[in-house]
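> Sequence plus predicted model, see below.
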Amino acid sequence: AVFAGALPLETALATTDTDGISEAHALAETMQRLAIPQRRAFRFPMAAYLEAHIEQGPILEDTGHTIGIVSGIQGLRWFHIEVTGEEAHAGTTPRRIRKDAFVAAVRMVTALQELMDDEADTVRFTVGRFEVTPNSPNTVPSRVRFTIDLRHPDAHVLSSLGDQVKPVCHTHAQGCRVTVVETLHSSPITFDPTIRDLLRNAATHQALAHMDMVSGATHDAKYMVDLCPSGMLFVPCRGGISHNESEYAAPADLAAGARTLAEVMIELATIHP
């Protein structure tokens, strides 16, 4: 994101982890340890960009394909919702007069789940965080905060579904106050067709089972499409698991991905000497 200009360098360097260590400090320490003798100029020109990655999903493994030719990356919208009700005693307050933030939030999520349900199972809708206050066993919740991660490869569908989040939440507020804030809106992107053809040809040449697919996760290649022709390939990962200590990709699949990547790089080097 920084290389492509989507994120200011100063912002990235100032980012800190949970221990308060900045990106700038960690980078300087790493560079010193590696004793890198020289650095390339920032944003140097490139003829093309290629990226190989595990799928981070189960499709390749389930369908028996070794290589995924990534056609693009689906769009993404993030929302932060806060529902504010009123604390009350769980034993003395009748349900009909409560302003229960939790009950309202659950109704919102249920309604949104129904809205996002599609027969093709293309919509990706996730409530990844759910915080209840005061989180006490004998108190009616006064506040709930939750997040929504909405993804779809079609920009129009993403826009239509995302635009319904706020009105659906307000419809099911049940006397509570609701605040809906969109924190991120990233449009879908499509990778260069020539590079996708080269990846298919390389996989075919090596007799590797391959298929076209959309990436559900965001990758570095997303930011490179505006700078140069870009493309990606996936290899399977066991159970579709990633960001987890159980993450695993078979050495044979990794080798197949590396060979495919190398063949396309050689072809591109021939086209752009």
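Everything's here; your move.
> what's around Leu208, how many residues?
A count of nearby residues for Leu208, using other CB atoms under 10 Å, gives 17. (Each C-beta comes from the backbone N, C-alpha and C, glycine too.)
> Spit out the contact partners of it.
Thr66, Ile67, Ala256, Thr260 (CB atoms under 8 Å, 6 or more residues apart in numbering).
> so how far is Gly257 from the closest residue to Phe79 other than its chain neighbours?
Nearest residue to Phe79 in three dimensions, chain neighbours excluded: Ile148, at 4.2 Å (CB to CB, 6 or more residues apart in numbering). In this view, Ile148 and Gly257 are 33 Å apart by CB to CB, to the nearest Å.
> again, but for Arg96
In terms of CB to CB, Arg96 sits 60 Å off from Gly257.
> which one of these two has more residues nearby?
Taking neighbours as other CB under 10 Å, Arg96 and Gly257 compare with Gly257 leading, 23 against 5.
> Run through the residues that contact that one.
With CB under 8 Å, 6+ apart as the criterion, the residues that contact Gly257 are Ala52, Thr66, Ile67, Leu233, Phe234, Val235.
> Is the residue nearest to Glu86 when sequence neighbours are not counted in a helix, a strand, or coil?
The shortest distance from Glu86 to any non-neighbouring residue, by CB to CB, 6+ apart, is to Lys99 (4.1 Å). Classification of Lys99 by DSSP: H, G, I helix; E, B strand; the rest coil places it in coil.
> what about Lys99, neighbour count?
21.
> my guess is it contacts Val144, does it?
No. Contact status for Lys99 versus Val144: not in contact, 11.6 Å apart, counting by CB atoms under 8 Å.
> Ile271 - how many residues pack around it?
Ile271 is flanked by 11 other residues according to other CB under 10 Å.
> just use 8 as the starting number from now, easier for me
That works, and once the first residue is 8, the last one we named lands at Ile278.
> how about it, what does it touch?
By CB under 8 Å, 6+ apart, the contact list for Ile278 reads Ala54.
> swap in Gln120?
Gln120 makes contacts with Phe132, as judged by CB under 8 Å, 6+ apart.
> element containing it, please.
Here Gln120 sits within helix 108-123, counting by DSSP states H and E.
> partners of the next helix or strand after that helix in the sheet?
Proceeding N to C from helix 108-123, the next assigned helix or strand is strand 131-133, under DSSP H and E. Using DSSP bridges, strand 131-133 pairs in its sheet with strand 150-159 (antiparallel).
> Identify each buried residue in the partner strand, please.
By 16 or more other CB atoms under 10 Å, the buried positions in strand 150-159 come out as Arg150, Val151, Arg152, Phe153, Ile155, Leu157, Arg158, His159.
> so who does the fourth one touch?
Shown here is Phe153, whose contacts under the criterion CB under 8 Å, 6+ apart are His87, Ile88, Val90, Ala112, Val116, Val134, Arg136, Phe137, Glu138.
> ok, now with 10 Å
86-90, 112-113, 115-116, 134-139, 176 (CB atoms under 10 Å, 6 or more residues apart in numbering).
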